[in-house]
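Colleague: this one's structure only:
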């Protein structure tokens, strides 16, 4: 049973997406607080599932495939929610689009490499990007509840969102260049 825990956490993260949307629809600050709480709980499960898989020696092909999918689903879903409810708008939708495009492109590219026997490990800078991205999205989910804390909270969230976008582009270039070099070596 313990060996299945990492995959259970990953699946739990996917099932948290509709819950996040439902609570975000609750009017007023309580919906924002609950959405932020669910999102950060999901972000913690992202860290825990990988850590537990290594600790319990419970890595699996299923987990290797599902974990990045769960991550991308969560990030893309939250970005779409924030755009729909105008918490991300105007020029900031450019950052959202770049993040979504990178997530799709690099997910495809990593699978393409795997099919050709090339493994591309997650880089430290990509882990940093994910951390900044999760912090930014959580802050932006606070919406009006965040504004009750400080009028600067949304600006802070958007600043971190753009910082994550910068690292998103950096990691895309890094993965593509390293992956293409590894493909060239293998051929």
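Modeller: Received it, and whenever you're ready, just let me know what you need. Keep in mind that what you see is a predicted model, and the values were worked out from it rather than measured.

Colleague: Who are the contact partners of the residue nearest to residue 71 when sequence neighbours are not counted?
Modeller: Spatial nearest neighbour of residue 71, excluding adjacent residues (C-beta to C-beta, 6 or more residues apart in numbering): residue 46 at 5.9 Å. C-beta coordinates here come from the backbone N, C-alpha and C atoms, glycine included. Neighbouring residues of residue 46 by C-beta atoms under 8 Å, 6 or more residues apart in numbering: 13, 67, 70-71, 74, 130, 134.

Colleague: can you rerun that using 10 Å?
Modeller: 9-10, 13, 67-68, 70-71, 74-75, 130, 134 (C-beta atoms under 10 Å, 6 or more residues apart in numbering).

Colleague: Give me the pLDDT value at the closest residue to residue 28 other than its chain neighbours.
Modeller: Once flanking residues are discounted, residue 28 sits nearest to residue 144: 7.5 Å by C-beta to C-beta, 6+ apart. We have a pLDDT of 88 for residue 144.

Colleague: Residue 57 is in what secondary structure piece?
Modeller: Using DSSP states H and E, residue 57 is not contained in any helix or strand.

Colleague: How many residues are close by it?
Modeller: 7 (other C-beta atoms under 10 Å).

Colleague: Likewise for residue 121?
Modeller: 7.

Colleague: Quick check, pLDDT for it.
Modeller: pLDDT, residue 121: 87.

Colleague: what do you get for residue 174?
Modeller: For residue 174, the predicted pLDDT is 97.

Colleague: And it, how far from residue 94?
Modeller: 21 Å (C-beta to C-beta, to the nearest Å).

Colleague: More neighbours: which of the two?
Modeller: residue 174 (16 against 12).

Colleague: Could you list the buried residues of the strand or helix carrying residue 75?
Modeller: In this structure, residue 75 is located in helix 61-84 according to DSSP H and E. For helix 61-84, burial by neighbour count (16 or more other C-beta atoms under 10 Å) applies to 63, 66-68, 70-72, 74-79, 81-83.

Colleague: Nice, that's everything, thank you.
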